[in-house]
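**Student:** give me a 3D structure for the following:
(one chain, ligands or ions: 2)
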Amino acid sequence: MAQQMNFQAEVARLLDLMVHSIYSDKEVFLRELISNAADACDKLRYLSVTQPELLDGDDAFSIKVNIDPAGRTITVSDNGVGMTRDEIVENLGTIARSGTSEFLQAVNDDSKNLVSQIGQFGVGFYSAFMVAQAVEVHSKKAGAAESWSWQSDGKGAFSIEEGDKSSRGTDIVVYLKQGFDQFLDAATLKSVILKYSDHIALPIFVDGEDKPSNAASALWLKPKNQISEQQLKEFYHYVAHAFDDPAFSMHWKAEGRIEYSGLLFIPSMRPYDLFDPKREHGVKLYVKRVFITDKADGLVPHWLRFLRGVVDSEDLPLNISREMLQHNPMLSKIRQGITNKVLSELGKFAKERRPDYEKMWDNFGAVIKEGIYEDIDNRNDIAELVLAKSTYSDEYTTLKEYVSRMKEGQDAIFYVCGEDAEKLKKSPHLEGFIARGIEVLLLTDTVDDFWTGALGKFEEKTIKSVTVAAEDLSKIPEKEKKKEDEKAKDFSEMKELIAAMRRELESVVKAVNVSDRLTSSPVCLTAEEGDIDMHLERFLKKHNQIKVPSKRVLEINASHPLIEKLAKKVKEEKELSDSLKDMIWLLFDQAKLMDGDTPSDAASFSRRLDSVLQKVLLIRN
Ligand code: ADP
Ligand code: MG
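**Tutor:** Ligands and ions are numbered 1, 2, ... in the order given. The predicted structure is shown next:
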């Protein structure tokens, strides 16, 4: 008896989208069904290494695409692993795949890209409903006695009942909607297969012919010069479940102590879950052409988790279990080999095709920089690849380029971290640097707070946050001489003000100093040498990593008119008046605000501002 069941809510929405899709490249449904058939064969081939009885004498894996013009159906069949009843129910209807909700979201944002995203989000099977008025699935799991039949018109519900399929594997029967008769033509199907599925390493037979319609060889084993751009692209679409074109590809064969082939890609689009901590890399592991797993922990370092492609090892044992893989020393050797290869290829990429490299960096730079603190062995090589914005120009710079522009007397690489490069440029911390023509890196990724400290030095130059590096500036002359003369005057005028500020702000600042970095702002806060960078501290506080923030140094600009006047006033008054106290606190809060921080106490801040503004108005009247 057939049992009726409803699709899970998100799946139902997705199907509704497919049924009503106006996307023109509907032929991709065939690519998705063939890719599922190939996956199913790969899975059984892997299982049969340890359980040969599952093959039951049939080890000639293949995919068949048959046409029934009278019934207006296309059937995609495989002799792969098959599905049990529960697997059919879950995989094809009741469990939304992890990418489904993200897919629906992406479609909302940009419906034109609908189908280009299907593969990436792992919702390929449902694409059949773009061309189908109904779909049947008949499946027999390898090793099982019974088979099951699933049926649906994609409108909210499906049915499942025991079937009569006698051979192992899965048949997907697509009942074409009106208007899709072109898919009933063998020549059309063959050209679609050539376009999307040529590289599938299994023969695909169309319409009962005994010659496969695809090359059916493992693309990654072919010599480089025998692979066309187009083949590379389609292979990327297949392994990456992606529809964008690869930004960069790497194809090599490692020979010697360890032997493996690699065909790896960097996508040109950033995947939606790049920063999801659960995200795994997308490199499939094969052993001697047999697919083993796409979840080999430790095959690729975490900071290269955006890579897609295939690694095929000659040395690993075929019957290795996924669990044993983790502890296999060969795997870590392969990982090191891959890492070295990728590092050197990226280095070439940066040199030879800088504009493309910059686009790649926009997508994945933040992930690559994670490697600087995670991957101690490769830290210095990864640092060579870093691109950053800086005060030098609007273009990206490498650290090497930065060093080559360093000023005489400058012995450190300076950076500032924050949310937005344009805002950072206006930070008071930068004033003294800009006045001296010293370049500062403007870093805006969360990871920048961490790799800078982890790396410590680049080409012997210490990497320093401008909010920490206090005393370094005095060694380098300012660009304009005039300013220097002003500076030369002694700061005795400031003595009383500094003392008064120290007393008043004792609970919140470590020290009050005359600044040599400020040129137009009256005040700023800095960290003492050895203290934690202020942006990093705010980040850690937000994530509850630290409770009590450390005290900062308040720097004052002795040439600023406001500070000059204030110093005079403080000198005249023996006791600090309330309004002078208010001003001192306001200056302190101003410094915090300029750092993107909030005033320490909003109510007092507002009261002080209010009273100062009132006084100004009274004087005016
Ligand atoms: P994906 O292939 O990304 O997992 P799909 O929507 O294409 O997503 O397929 C959903 C799931 O249905 C697959 O993961 C697989 O478990 C199952 N499936 C689909 N087609 C087949 C098939 N021909 N043989 C066995 N299982 C299949
Ligand atoms: Mg699929």
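
**Student:** which residues touch the closest residue to ligand 2 within the stretch 51-200 of the chain?
**Tutor:** Residue nearest to ligand 2 within the stretch 51-200 of the chain: G124 (3.3 Å; C-beta to the ion). (Glycine included, C-beta is placed from N, CA and C.) Counting by C-beta atoms under 8 Å, 6 or more residues apart in numbering, G124 makes contact with 32-33, 35-36, 118, 241.

**Student:** farthest pair within those?
**Tutor:** L33 and H241 (13.9 Å; C-beta to C-beta).

**Student:** neighbour-wise, which of those two wins?
**Tutor:** More neighbours surround L33 than the other of L33 and H241, with 26 against 21 (other C-beta atoms under 10 Å).

**Student:** residues near the spatially closest residue to the more buried one that is not a sequence neighbour, how many?
**Tutor:** Spatial nearest neighbour of L33, chain neighbours left out: V76 (4.3 Å); criterion: C-beta to C-beta, 6 or more residues apart in numbering. Close neighbours of V76, defined as other C-beta under 10 Å, add up to 22.

**Student:** just give me how far the helix or strand hosting V76 sits from the chain centre.
**Tutor:** Secondary structure from DSSP states H and E places V76 in strand 73-78. Relative to its chain's centre, strand 73-78 lies at 37 Å (C-alpha atoms, centre = their mean, to the nearest Å).

**Student:** check whether it contacts ligand 1.
**Tutor:** Yes. Residues of strand 73-78 contacting ligand 1 under C-beta under 6 Å from any ligand atom: D78.

**Student:** contact residues of the stretch 201-350 of the chain facing ligand 2?
**Tutor:** Proximity of the stretch 201-350 of the chain to ligand 2 (C-beta under 5 Å from the ion) involves no residue at all.

**Student:** where do the helices of the stretch 201-350 of the chain begin and end?
**Tutor:** Assigned helices in the stretch 201-350 of the chain, in chain order: 229-240, 322-325, 329-352 (criterion: DSSP state H, counting those that start in this stretch).

**Student:** in the stretch 101-250 of the chain, where is pLDDT below threshold?
**Tutor:** Along the stretch 101-250 of the chain, the parts satisfying pLDDT under 70 run over 109-123.

**Student:** quick one: the strands in it?
**Tutor:** In the stretch 101-250 of the chain, the strands defined using DSSP state E, counting those that start in this stretch lie at 132-140, 148-152, 157-162, 169-176, 204-206, 246-254.

**Student:** next: the stretch 251-400 of the chain.
**Tutor:** Per DSSP E, counting those that start in this stretch, the stretch 251-400 of the chain carries strands over the ranges 260-267, 282-287, 290-293, 308-313, 387-390, 396-398.

**Student:** M594: which of those strands is closest?
**Tutor:** Each of those has some distance to M594 by C-beta to C-beta; the shortest is strand 387-390, at 20.0 Å.

**Student:** direction included, what does that closest one pair against?
**Tutor:** strand 396-398 (antiparallel), strand 440-443 (antiparallel) (DSSP bridges).

**Student:** show me what it is in contact with.
**Tutor:** Looking at what lies outside strand 387-390 - C-beta under 8 Å, 6+ apart - the contacts are 350, 357-358, 361, 365, 395-399, 402, 415, 421, 439-444.

**Student:** just the CA coordinates of it, formatted as PDB?
**Tutor:** The C-alpha coordinates for strand 387-390 follow below in PDB (Å, rounded to 0.1, in the frame of the first residue of the first chain):
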ATOM      1  CA  LEU A 387      47.500  41.900   0.600                       C
ATOM      2  CA  ALA A 388      46.300  44.900   2.600                       C
ATOM      3  CA  LYS A 389      45.000  48.300   2.000                       C
ATOM      4  CA  SER A 390      47.200  51.200   3.400                       C
END
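
**Student:** what does stretch 540-553 contact?
**Tutor:** Stretch 540-553 has contacts (C-beta under 8 Å, 6+ apart) with 470, 508-513, 525-528, 531-532, 534, 537.

**Student:** buried ones in it?
**Tutor:** Neighbour counts over stretch 540-553 (16 or more other C-beta atoms under 10 Å) mark 551-553 as buried.

**Student:** cool, and stretch 508-518?
**Tutor:** Using 16+ other C-beta under 10 Å as the test for burial, stretch 508-518 gives 508-518.

**Student:** what's the span of that stretch from first residue to last?
**Tutor:** Using C-alpha to C-alpha, to the nearest Å, the end-to-end distance of stretch 508-518 comes to 21 Å.

**Student:** pull the distance from it to the chain's centre.
**Tutor:** Per C-alpha atoms, centre = their mean, the displacement of stretch 508-518 from the mean C-alpha position of its chain is 39 Å.

**Student:** what does that stretch contact?
**Tutor:** Residues outside stretch 508-518 that contact it (C-beta under 8 Å, 6+ apart) are 428-433, 466, 470, 473-474, 487, 491, 494, 498, 501-502, 505, 524-526, 528, 551-558, 560, 588, 600.

**Student:** taking those residues one by one, which sit in strands?
**Tutor:** 524-526, 552-556 (DSSP state E).

**Student:** can I get the residues you listed in JSON lines including pLDDT and distance to ligand 1?
**Tutor:** Converted to JSON lines, these look like this (pLDDT from 0 to 100; distance: C-beta to the nearest ligand atom, whole Å):
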{"residue": "C524", "pLDDT": "91", "distance to ligand 1": "53"}
{"residue": "L525", "pLDDT": "90", "distance to ligand 1": "51"}
{"residue": "T526", "pLDDT": "88", "distance to ligand 1": "52"}
{"residue": "R552", "pLDDT": "88", "distance to ligand 1": "51"}
{"residue": "V553", "pLDDT": "91", "distance to ligand 1": "55"}
{"residue": "L554", "pLDDT": "93", "distance to ligand 1": "57"}
{"residue": "E555", "pLDDT": "92", "distance to ligand 1": "57"}
{"residue": "I556", "pLDDT": "93", "distance to ligand 1": "61"}
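
**Student:** between which two of those residues is the distance greatest?
**Tutor:** Most distant of the ones in strands among the contacts of stretch 508-518, by C-beta to C-beta, are R552 and I556, 13.0 Å apart.

**Student:** so P267 sits right up against A247, yeah?
**Tutor:** Yes. Contact criterion C-beta atoms under 8 Å: P267 and A247 qualify, at 6.4 Å.

**Student:** surely I619 forms part of a helix?
**Tutor:** Yes. I619 forms part of a helix when assessed by DSSP: H, G, I helix; E, B strand; the rest coil.

**Student:** on that earlier part again, closest one of the contacts of stretch 540-553 to ligand 2?
**Tutor:** Taking C-beta to the ion as the measure, E537 is the one of these closest to ligand 2, at 46.0 Å.

**Student:** ok, that closest one to V81 distance?
**Tutor:** Using C-beta to C-beta, to the nearest Å, we find E537 at a distance of 53 Å from V81.

**Student:** between those two, who's got more neighbours?
**Tutor:** Counted by other C-beta under 10 Å, E537 and V81 do not tie: V81 has more neighbours, with 24 against 20.

**Student:** what's around T339, how many residues?
**Tutor:** Neighbour count for T339, taken as other C-beta under 10 Å: 20.

**Student:** can you check the pLDDT for it?
**Tutor:** If you check T339, the pLDDT there is 97.

**Student:** wait, it touches E374, no?
**Tutor:** No. T339 lies out of contact with E374 (C-beta under 8 Å); the separation is 11.5 Å.

**Student:** any residues in contact with both of the two?
**Tutor:** The contact sets of T339 and E374 overlap at P301 (C-beta under 8 Å, 6+ apart).

**Student:** which residues touch the helix or strand encompassing A591?
**Tutor:** Mapping A591 onto the secondary structure by DSSP H and E places it in helix 578-594. Identification of contacts with helix 578-594 by C-beta under 8 Å, 6+ apart yields 427-428, 500-501, 504-505, 508-509, 521-525, 554, 556, 566, 569-570, 573, 576, 598-600, 604-605, 608-609, 611-612, 615.
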